[in-house]
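S.K.: next come a sequence and a model predicted from it.
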Amino acid sequence: MAEQDWDIVSGIGVTALAVAAARAIESCRDDRLINDPHAETLVRAAGQGMAFPTTPEELAAIPDDGRRWAERIDHYIGVRSRFFDDFFAQVAESGVRQFVILAAGLDTRAYRLDWPDGTAVFELDQPKVLQFKREILDRVEPGCEHRTLGIDLREDWPAALIAAGLDVGVPTGWLAEGLLPYLPADAERGLLRAITDLSAPGSRLAVEEFRDTGKIANDAKISEYGRQQGMDVSAILHDDGRPPAPDLLAELGWSGEAETSQDAAVRLGRDPGLAIGPMLEVSRFVTASKPR
């Protein structure tokens, strides 16, 4: 496969904008699950403000069918973002002081979460995506030691991560949010194996998993929404009969558990009926620990 250097307004980089827009809208809700003060700034700086509403008022201006669909996606992203925010908080409370966010996109957790002193957060993604985020947020002070690595995950990213200062002798908190569904089965297994090799006992890992991506890729409404945003959903999602992520992680020596996104929505007080149908039906959030 030829190397790709996606920017933020083309290819799969558009998904980072869509997720940031959803976080911006979630942050405006009276019952918000997260607060991301930087998401709207990033979306508008990309020049896609008309394509991606970032406020409830802009969302309300979308025609009825499209608005209901966009609202459900936004609610799902709100639940997902809060789940992984809580994961970081719990892992940091346990004493872990280095974290890695894979395929970070426009993630702003390095800036918006309350990190303990001495915490380092590493972000990996395509160079142009991370460059865009650094330029737009250049006057915002991160709440941690923030290290970004512009690298394709098909390259030798473990070596680059170590060179950037990752200490493989101490526990690490890992996040792969919005990543595994875009990887072929072999690439997913290779990624989890690389994470395992870099993880000291006591490390923690969280991933988002879709158990039936075909249900999403083949949904007419999702496909149409994707086309409106410049994405071919069926081309970027993989559905190749891979084993469940907890099983793969168990093979690699991790102890994990999974929570469906419906259960997470209910636990967090969000009506699961508000979230996108097929996505909520197939998605779950997996957390795992590497025994000491």
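M.R.: Yep, that arrived. None of the values given here were measured: they were computed from a predicted structure.
S.K.: what about the stretch 51-200 of the chain, any weak spots by pLDDT?
M.R.: For the stretch 51-200 of the chain, the stretches with pLDDT under 70 are 51, 64-70.
S.K.: just the helices in it please.
M.R.: Listed in chain order, the helices of the stretch 51-200 of the chain (DSSP state H, counting those that start in this stretch) span 56-60, 64-93, 109-112, 127-136, 157-163, 185-198.
S.K.: please identify the most buried of the ones you listed.
M.R.: Each of the helices of the stretch 51-200 of the chain was scored by mean neighbour count; the highest is helix 109-112, a mean of 22, by mean count of other C-beta atoms under 10 Å. The way it works is simple: take the backbone N, C-alpha and C, and place the C-beta from them, glycine included.
S.K.: for this structure, just list every one of the strands.
M.R.: Along the chain, counting by DSSP state E, strands occupy 98-102, 120-125, 145-150, 173-176, 204-210, 255-260, 283-289.
S.K.: how far away is the residue sitting nearest the centre point of the chain from Ala200?
M.R.: The residue lying closest to the centre of the chain (C-alpha atoms, centre = their mean) is Glu177, at 2.9 Å. Distance check for Glu177 against Ala200: by C-beta to C-beta, to the nearest Å, it reads 22 Å.
S.K.: could I get the helices of the stretch 51-200 of the chain as a markdown table with distance to Asp263?
M.R.: Output for these, formatted as a markdown table (distance: least, C-beta to C-beta, whole Å):
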| stretch | distance to Asp263 |
| --- | --- |
| helix 56-60 | 26 |
| helix 64-93 | 10 |
| helix 109-112 | 23 |
| helix 127-136 | 31 |
| helix 157-163 | 32 |
| helix 185-198 | 23 |
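S.K.: relative to Ser261, which of these is closest?
M.R.: Comparing the helices of the stretch 51-200 of the chain against Ser261 with C-beta to C-beta, the closest turns out to be helix 64-93 (6.0 Å).
S.K.: which residues does Leu102 contact?
M.R.: Shown in contact with Leu102 (C-beta atoms under 8 Å, 6 or more residues apart in numbering): 124, 153, 174-176, 179, 191.
S.K.: who is it paired with across the strands?
M.R.: Leu124 (DSSP bridges).
S.K.: how close does it sit to Ile25?
M.R.: According to C-beta to C-beta, Leu102 and Ile25 sit 25 Å apart.
S.K.: just Arg82 next, same as before
M.R.: Arg82 is 14 Å from Ile25, by C-beta to C-beta.
S.K.: and of the strands of the chain, who's closest to Arg44?
M.R.: With C-beta to C-beta as the criterion, Arg44 lies closest to strand 120-125 of the strands of the chain, at 20.1 Å.
S.K.: any residues touching stretch 115-123, and which ones?
M.R.: Defining contact as C-beta under 8 Å, 6+ apart, one finds that stretch 115-123 is touched by 92, 97-101, 104, 107, 109-110, 130, 142-149, 161, 164-166.
S.K.: from those residues, which would you call buried?
M.R.: 92, 97-101, 104, 107, 109-110, 130, 142-149, 161, 164, 166 (16 or more other C-beta atoms under 10 Å).
S.K.: list the contacts of Asp86.
M.R.: By C-beta under 8 Å, 6+ apart, the contact list for Asp86 is empty.
S.K.: ok, back up a step: what would the contacts of Leu102 look like in CSV with distance to Arg292?
M.R.: Formatted as CSV, those follow (distance: C-beta to C-beta, whole Å):
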residue, distance to Arg292
Leu124, 26
Leu153, 28
Trp174, 16
Leu175, 21
Ala176, 22
Leu179, 26
Leu191, 23
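S.K.: closest to Ser255 among those?
M.R.: Set against Ser255, the nearest of the contacts of Leu102 by C-beta to C-beta is Trp174 (14.4 Å).
S.K.: might one say that that closest one is in contact with Val96?
M.R.: No: counting by C-beta atoms under 8 Å, Val96 is not a contact partner of Trp174; they are 10.1 Å apart.
S.K.: which one of those two is surrounded by more residues?
M.R.: It is Trp174, of Trp174 and Val96, that has more neighbours when counted by other C-beta atoms under 10 Å, with 24 against 20.
S.K.: mind listing what the closest residue in space to Gly78 that isn't next to it in sequence touches?
M.R.: The shortest distance from Gly78 to any residue other than its chain neighbours is 3.8 Å, reached at Glu26 (C-beta to C-beta, 6 or more residues apart in numbering). By C-beta under 8 Å, 6+ apart, the contact set of Glu26 is 32-34, 36, 74-75, 77-78, 81.
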